[in-house]
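Asks: Generate coordinates for the sequence data below:
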Amino acid sequence: PAALQDRTLASLITMSGGLEPARTQSQINNSFRFGDTRNIGFSKRALDGRGLKGTDGAFFYNNGSYALLGALLEGLTGTDNVTACRDRVFPEGFRDTVGFDDDWIALAGFGGWRASTRDYTAFVMDAFKPDGDIARNLLSLPQIVYWHNGALCGTRGGDQGSYFAYYPSGYAVTVSYDRCGRGDIFIALAGALFRAAN
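Replies: Model prediction:
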């Protein structure tokens, strides 16, 4: 859309491209066992007139940004976003389990991947090491912890998610879970893991 023509890929990756409100959340349950990626459909929903009410440059977490990146990858590479990314972002020897989740392939751009904890940990250790591409380019300021927690909670497919953190000590941790809880549970988990790693 014309409203997005001056936005950068970086603004989509950092959730600061003005895609607000999140128009994809209500469609997640309809995507269970859909059978194929729905990056283009989620992108269209995120980019319709009602989904472009945010401010360019202001942070707003929106899965639609990742759906749009997934659709761009599909269009530019002529393949799916796992095939386009797996060998580029997972270290050699840690790719065998990386693929689409059979139940959530429709969420290909923002929640439809699967990987073993071993392969996921290898990705975190490689991607966020001090001299790695991501850590070197994320921000110019020193970072205490790189982390992410992503989950599908209260869905037709049951609760599931994963958490990772990379600490200044050089330790990394990944956690996979099949039961979601309140935010304070994850805050406590983050604190305990930080203390253990440092």
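
Asks: What is the least confident helix or strand in the chain?
Replies: helix 133-138 (a mean of 66; mean pLDDT, DSSP states H and E).

Asks: which stretches of this protein form strands?
Replies: Ranges of strands in the chain, per DSSP state E, are 99-100, 113-114, 146-152, 160-166, 172-177.

Asks: Mind checking these for the one nearest to Arg45?
Replies: strand 146-152 (17.8 Å; C-beta to C-beta). For glycine as for every other residue, the C-beta is placed from the backbone atoms N, C-alpha and C.

Asks: In the sheet, which strands lie alongside that closest one, parallel or antiparallel?
Replies: In the sheet containing strand 146-152, its partner strands are strand 160-166 (antiparallel), by DSSP bridges.

Asks: Now do the strand it pairs with against strand 172-177, angle only.
Replies: 170 degrees (axes from the mean of the first three to the mean of the last three C-alpha atoms, to 10 degrees).

Asks: what about strand 160-166, average pLDDT?
Replies: Averaging pLDDT along strand 160-166 gives 89.

Asks: repeat for stretch 172-190
Replies: 86.

Asks: And it, end to end?
Replies: 12 Å (C-alpha to C-alpha, to the nearest Å).

Asks: Now do that stretch: distance to the chain's middle.
Replies: How far stretch 172-190 lies from its chain's middle: 16 Å, per C-alpha atoms, centre = their mean, to the nearest Å.

Asks: Could you list the buried residues of that stretch?
Replies: For stretch 172-190, a neighbour-count test (16 or more other C-beta atoms under 10 Å) marks Ala172, Val173, Thr174, Val175, Tyr177, Cys180, Phe186, Leu189, Ala190 as buried.

Asks: just stretch 148-158 next, same as before
Replies: In stretch 148-158, counting by 16+ other C-beta under 10 Å, buried: Ala151, Leu152, Thr155.

Asks: distance between the ends of it?
Replies: Terminal-residue distance, stretch 148-158 (C-alpha to C-alpha): 20 Å.

Asks: Contacts for that stretch, please.
Replies: 28-29, 32-33, 103-104, 107, 111, 159-164, 177-178, 180, 186 (C-beta atoms under 8 Å, 6 or more residues apart in numbering).
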